[in-house]
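Chemist: below are the sequence and a predicted model for it; my questions follow.
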Amino acid sequence: MNVSKGITPRAKDFAQWYNDVIMRAELADYAPVRGCMVIRPWGFRIWELMQQGLDGMFKATGHQNAYFPLLIPQSFLEKEAEHVEGFAPETAVVTRAGGKELEEPLVVRPTSETIIYAMLTKWIQSYRDLPVLLNQWVNVVRWEMRTRLFIRTTEFLWQEGHTAHATQEEAEEETKRMLGVYRTFMEEWMALPVLTGVKTPLEKFAGAVRTYAVEGLMQDNRALQLGTSHFLGQNFAKAFGTQFQTAEGGMEYVWSTSWGASTRLIGGLIMAHSDDIGLICPPKLAPLQVIVVPIWKTAEDRTKVMEVAAQIRQELAQSDIRVDVDQRDGMKPGAKYYEWEGRGVPVRLEIGPRDVAGSQAMLARRTGGKEPVPLEDVVQLVGKALDDIQTGLCETARERREAESLRGATKDQLIERMEGRAGFVYAGFCGSEACELAIKERTKATIRVLPDVEFQSAETPSECVWCGEKATTEAVWAKAY
RNA sequence: CGGGGCGUGGCGCAGUCCGGUAGCGCACCUGCUUUGGGAGCAGGGGGUCGCCGGUUCGAAUCCGGCCGCCCCGACCA
């Protein structure tokens, strides 16, 4: 990519466009190790803001943060049959340390269920110890074959919530509650309307009884799984002997859940909103919400303009708006505009001698439009612009998702869509693995979810889109990342 | 692992066919002039041409081997 000029347009090459946006906005860069990336300060700030948002919601629902170690005895992973089968191929294993072979190899965590249940077994004795509501913000390693910045990297950052409950009902409720938390976060913070539902057995997490997911639709009409919430039943409790004494005096295994969202969210954010100029970042997650660009000709102008710019910065900062002034000398205003647009700053305030004379500033929105605003109202109007951009992005994404969703599809339509513009395709499904695999084989599309009730079609499909037998459910197909 | 592409200053590339001591654009540094949508001029710094070996008076260029990266497919948050 030629940084000084434009980036690859989306229409020309979406994958290249995606990489260009990341490089241009300085979100991340490739690390020396294959599949690994460096998250640069601008990208990491977005992650910090995501953490803030999500963590607040986790705390509000009663969860506490903790930290479990990176290294897990290999034998732990092997205790849950399905779990080990799912993760064995993609684990990195430490066999040598301290200058000698280890007695037991240590796995670099791909996820932490096993070590957590090993510990919960020690900590839980009675129903009075339940529920346990934990979360941790950590890195994990999964040796994937093909990687992509933010979307799938060998090492990634995420949060994993783990909870243990006395009853199945309580654990099921928790699973859905956290799915709802994700949905709310995606919509309110990321301005990304998602689709929620349950995964088919073929697509669920290895070790879970049921997996729920939130799926977003990207601008190339492919689906991206942005978060998952698992009802684990008693699978891990049984594997690790996590039992508690009931009020009645009997012994029972705990019912548990786990749920996670990762730095992949940043990839989703990019692919959902950005354009051919670069990143578009929803204000709530923007490292900088406002950039003030001063304009001057003479030294005298410069002094005056800088004074006003500094004052505006202070006023905005006092209202908890993330703002900075681009004071760089020897760079033309236009060049600064392009740079901050590429980085996704939602609002730009231009202040030149003419504006100072008229006690105004020019307010430009990253999503388009430029208008003069009186300096005395700048805080209020900037705040309004940020709100408008946030809701506007969400609305645009929602309209796109609806426009790119086909409901009540026939077999031919499903095939045609997946060979063409893709998107979400709703249709009836008989529930058989044979049909699911046949569709995947033929169209490369997978069932993203069996949609939750609020996403289901008004008319429930009666026949399976593939075999024509009686449908047991409605399903949503898409080509996924 | 299969298919495709590519390794030459920080980035993007030319040069490779046809061997002759490395060049262009951007970026960077200094100075002056500039600054309302990607500034101009002048000067300057920076490269074991992915690695190893071979052929040759001489290799970025020819030959052999190896390594790495990106993209597309099979696994996955």
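Modeler: Looks like it arrived, so ask away.
Chemist: could I get the pLDDT score of the residue lying closest to residue A:9 once chain neighbours are set aside?
Modeler: Once flanking residues are discounted, residue A:9 sits nearest to residue A:276: 4.7 Å by CB to CB, 6 or more residues apart in numbering. (Glycine included, C-beta is placed from N, CA and C.) Looking at residue A:276, its pLDDT is 90.
Chemist: who's in contact with the spatially closest residue to residue A:433 that is not a sequence neighbour?
Modeler: With sequence-adjacent residues excluded and distances taken as CB to CB, 6+ apart, residue A:433 is closest to residue A:202, at 6.0 Å. Going by CB atoms under 8 Å, 6 or more residues apart in numbering, residue A:202 touches A:433, A:436-437, A:447.
Chemist: ok, then the element right after the helix or strand containing residue A:401?
Modeler: Of the helices and strands defined by DSSP states H and E, residue A:401 is found in helix A:378-403. With elements assigned by DSSP H and E, the helix or strand that comes after helix A:378-403 is strand A:405-406.
Chemist: hang on, the earlier thing: right, and the residue nearest to residue A:9 touches residue A:13 too?
Modeler: No: in this structure, residue A:276 is not within contact of residue A:13 by CB atoms under 8 Å, at 11.5 Å.
Chemist: thinking again about what came up before, near RNA strand B at all, the helix holding residue A:401?
Modeler: No: Helix A:378-403 is not in contact with RNA strand B by CB under 7 Å from any atom of the strand; minimum separation 13.4 Å.
Chemist: list the helices and strands that helix packs on?
Modeler: For helix A:378-403, the contact count by 3 or more CB pairs under 8 Å, 6 or more residues apart in numbering; DSSP states H and E identifies strand A:210-217, helix A:264-273, helix A:299-318, strand A:347-351, strand A:360-365 as packing neighbours.
Chemist: a markdown table for those, including distance to residue A:232, mean neighbour count and mean pLDDT?
Modeler: A markdown table is the format used below for the helices and strands packed on helix A:378-403 (distance: least, CB to CB, whole Å; neighbours: other CB atoms under 10 Å; pLDDT from 0 to 100):
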| stretch | distance to residue A:232 | mean neighbour count | mean pLDDT |
| --- | --- | --- | --- |
| strand A:210-217 | 9 | 26 | 96 |
| helix A:264-273 | 21 | 25 | 94 |
| helix A:299-318 | 45 | 15 | 95 |
| strand A:347-351 | 44 | 24 | 98 |
| strand A:360-365 | 45 | 20 | 98 |
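Chemist: quick one, which of the ones you listed is nearest to residue A:480?
Modeler: strand A:210-217 (8.0 Å; CB to CB).
Chemist: what's the angle between that closest one and helix A:264-273?
Modeler: 40 degrees (axes from the mean of the first three to the mean of the last three CA atoms, to 10 degrees).
Chemist: so the residue nearest to residue A:433: helix, strand or coil?
Modeler: coil (DSSP: H, G, I helix; E, B strand; the rest coil).
Chemist: related to what we said a few turns ago, if you count neighbours, what's buried in the helix holding residue A:401?
Modeler: Residues A:378, A:381-383, A:385-386, A:388-390, A:392-394, A:396-398, A:400-401 are the ones in helix A:378-403 that count as buried (16 or more other CB atoms under 10 Å).
Chemist: what's the angle from it to helix A:264-273?
Modeler: Direction vectors for helix A:378-403 and helix A:264-273, defined by the same axes, to 10 degrees, enclose an angle of 80 degrees.
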